[in-house]
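Enquirer: how does the following fold in three dimensions:
(one chain, ligands or ions: 1)
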Amino acid sequence: MSQQQGLGPRRAALYMLDQVTGEGKLLPELIGEGALQHLSPEDRARAQRLTTETLRGLARADRMLARFLAKTPPLSVRNVLRLCTVELAGGEAAHGVVNAGVEMVARSQRTSSMKGLVNAVLRKVAAEGPEGWAQLVTPRLPGWLRSPLKDAYGPDVVAAIEVAQFAGAPLDITAKGDPNAANETLKGEILPTGTIRLRDAGQVSTLPGFETGDWWVQDAAAAIPVQILAPQSGEKILDLCAAPGGKTMQLAASGADVTAVDSSEGRMIRVGENLKRTGLSATTITADAFAFTDGGFDAVLLDAPCSATGTIRRHPDLPYAKDGSEFGILIHQQERMIDHALSLLKPGGRLVFCTCSLLPDEGEVQVEEALARHAGLTVDASAIDRAGIDPDWRTEDGGLRLRPDYWADKGGMDGFYIAQLRKPA
Ligand SMILES: C[S@@+](CC[C@H](N)C(=O)[O-])C[C@H]1O[C@@H](n2cnc3c(N)ncnc32)[C@H](O)[C@@H]1O
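Expert: Numbering: from 1, shown residues only. Okay, here's the model as predicted:
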């Protein structure tokens, strides 16, 4: 690859790093705004990979760079150094990476005076090689998140979660029908809960069965809430906060009569595309959950908006783009959403509440408080006795706590909290 060819994805990655670490933007937001649209599909994938790998290794890169920097350079130069350090750690040829780093700072008047510094520092990093990188400690979560997680799980579990987040995530797939049949061509590993797991999958849309809609991408943990809800053919089920539709497709595949509601127009377009590709059907409604008041559902799935702190191994931008200041608003909204979802259930109906959060305030505590608010409401503890679910994952309240460090030998899973509540008959 010529240096110029290599620079396009690197510059796009640098732009996204600056936006995440400087402006608090999330990667999906930046990609949605067109940050990668000028690149070929191949370069787009490379820019995305460079960005996520740099964010995943950012704290480790800073530790390595601190050895060679007398004082902290401006953010855009620091991000060039971080990006190049992570590339060098991955075994990229040193001269190409160092030249690219120098070229990136040389392009801006604001930073061109730092060419010499970048050149000297990156040469020292290159001399450390991947071996020097491997000796550094696993990157830690930022304090605003580490602290509540340490209170909830203790320091050893937090350290194990950090190892899982640093390792990243494989590609997980939910089959529309029998996972064994779908896996005949995918040739992955079938996990105990039926998810198909692929390592080094490459481009998703080129995998067998994508075009024909035989499956969709969905983390193994994210597939469990619908398994717990156990939809039956013909049941009237509401998927509240449905987009982009992974769980809507699971519900629809069971033959249930599914209504999917989400307030995001853009994300609802993706629900429509996903249903079309897989040949599944559901009624889709773009509306605020609180404005949707049709009742009488046999079951409601509430996958409430949350801090998404369980998904950091897939979204390493999150700890850098967020600071925890929105937790309070989310927790209050979840509480109101649980109450609203219960009001839409017929007597005796079931509500599966879940969040992809590691914070008990967005899981265990929500259920505890809902039980206190609603007389006669119960938790269906037996609903979580499903194939492949480890009894150790159960919580005292009858729910399920999933963590990224579970199934560590298989490649981990997203963090989730899930419980099935039963409205009095
Ligand atoms: C965790 S995601 C849902 C993921 C989805 N269930 C799936 O499996 O693909 C949360 C969703 O809540 C939606 N949302 C946030 N606030 C909402 C509101 N007030 N009313 C309806 N949907 C809302 C967001 O647009 C987002 O799509």
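Enquirer: next, give phi and psi for C354.
Expert: phi -150, psi 150 (degrees, to the nearest 10).
Enquirer: again with P139
Expert: Phi and psi for P139, reported as degrees, to the nearest 10, are phi -60, psi 140.
Enquirer: mind listing what the nearest residue to A253 once chain neighbours are set aside touches?
Expert: Distances taken as CB to CB, 6 or more residues apart in numbering put K176 closest to A253, at 5.3 Å, once the chain neighbours are dropped. Using the backbone N, CA and C atoms, a C-beta is placed for each residue, glycine as well. Residues in contact with K176, defined by CB atoms under 8 Å, 6 or more residues apart in numbering, are 182, 213-216, 249, 253, 278, 280.
Enquirer: going on from the strand or helix carrying G129, what's the next piece of helix or strand?
Expert: Assessed by DSSP states H and E, G129 sits inside helix 115-134. Sequence-wise, the next helix or strand downstream of helix 115-134 (DSSP H and E) is helix 143-153.
Enquirer: packing partners for that next one?
Expert: helix 155-167 (3 or more CB pairs under 8 Å, 6 or more residues apart in numbering; DSSP states H and E).
Enquirer: for the ligand, see how far away the closest residue to T52 other than its chain neighbours is.
Expert: With sequence-adjacent residues excluded and distances taken as CB to CB, 6+ apart, T52 is closest to P316, at 5.6 Å. Distance of P316 to the ligand, computed by CB to the nearest ligand atom, to the nearest Å: 18 Å.
Enquirer: now stretch 175-195: buried residues?
Expert: Judged by neighbour count using 16 or more other CB atoms under 10 Å, the buried positions of stretch 175-195 are 175-176, 179, 182-183, 186, 188, 190-191, 193-195.
Enquirer: no no, stretch 100-112
Expert: 100-105, 111.
Enquirer: same question, stretch 24-38
Expert: 25-27, 30-31, 35-36.
Enquirer: coming back round to it: who's in contact with the helix holding G129?
Expert: In contact with helix 115-134 (CB under 8 Å, 6+ apart) are residues 60, 64-65, 67-69, 73, 77, 80-81, 84-85, 88-91, 94, 97-98, 101-102, 105-106.
Enquirer: what of stretch 257-271?
Expert: For stretch 257-271, the external contacting residues (CB under 8 Å, 6+ apart) are 32, 234-245, 248, 251-252, 281-289, 292, 294, 297.
Enquirer: any residue of that stretch up close to the ligand?
Expert: Yes. With CB under 6 Å from any ligand atom as the criterion, the ligand is reached by stretch 257-271 at 262-264, 267.
Enquirer: okay, now the closest residue in space to V98 that isn't next to it in sequence: neighbour count?
Expert: Excluding its sequence neighbours, the residue lying closest to V98 (CB to CB, 6+ apart) is L122, at 4.5 Å. Neighbouring residues of L122 were enumerated by other CB atoms under 10 Å; the total is 25.
Enquirer: I figured S254 hits G234, correct?
Expert: No. S254 is not in contact with G234 according to CB atoms under 8 Å; the separation is 9.6 Å.
Enquirer: having no further points to raise, I will conclude here.
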